[in-house]
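[1] Give the three-dimensional model of this entry:
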Amino acid sequence: MGLIKFIKMNHPISSKLIALGMRQLAPLSTSTRAMAAGDTGSPKVGGSASADAFTQREKSNEDFHIRSREREKLLELKKRISEQHDHLRRLEEHLDELSNMDPGAGGGGK
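    Next comes the predicted model:
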């Protein structure tokens with residue numbers, strides 16, 4: 001008796017697996033990577049508080065870029081505030097001109 005025939009007779013679920021084909025089944029065993037402390041990709045010993053020179057340099061670079069972006073945003077906001085102040089000043093000057101106008105000299109009055 002062949003192995004496949006024996007399996008079909010003794011294991012009803014495995015007959016479905018044989019119908020799928022033995023080559024299509026994934027291997028059942030898996031392995032994990034064993035990493036020692038200090039290996040590339042291994043978790044840091046001591047948690048996030050202990051950082052090597054590379055992570056410190058990366059953090060300082062990220063902080064620098066964040067600060068420079070915030071500085072750019074602040075400069076843009078200051079510029080917009082200055083433009084708004086100029087606009088308000090021009091509006092006030094225009095209102096002063098209108099209020100100082102001679103009421104009879106204005107066109108279209110009664």
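
[2] so where's the protein shaky on pLDDT?
    Scanning the chain for pLDDT under 70 picks out 1-51, 103-110.

[3] can you count the residues close to Arg71?
    10 (other C-beta atoms under 10 Å). No exception for glycine: its C-beta is placed from N, CA and C like everyone else's.

[4] and it, what helix or strand is that in?
    Using DSSP states H and E, Arg71 falls within helix 53-100.

[5] Roughly how far does Glu93 sit from Arg80?
    Counting by C-beta to C-beta, to the nearest Å, the separation of Glu93 from Arg80 is 21 Å.

[6] should've said Lys59
    Using C-beta to C-beta, Lys59 is found at 32 Å from Arg80.

[7] do the same with Met101
    Noted for Met101: a distance of 32 Å to Arg80, by C-beta to C-beta.

[8] got it, and Arg71?
    Distance, Arg71 to Arg80, using C-beta to C-beta: 15 Å.

[9] now swap in Asn61 and tell me
    29 Å.

[10] try Leu74
    Separation of Leu74 from Arg80 (C-beta to C-beta) stands at 11 Å.

[11] Same check on Asp63?
    Counting by C-beta to C-beta, the gap from Asp63 to Arg80 is 26 Å.

[12] and if you look at Ser60?
    31 Å.

[13] ok, now Asp86?
    11 Å.

[14] Tell me how many other residues crowd Leu88.
    If we define neighbours as other C-beta under 10 Å, then Leu88 has 10 of them.

[15] so what's it up against?
    Applying C-beta atoms under 8 Å, 6 or more residues apart in numbering to Leu88 gives no contacts.
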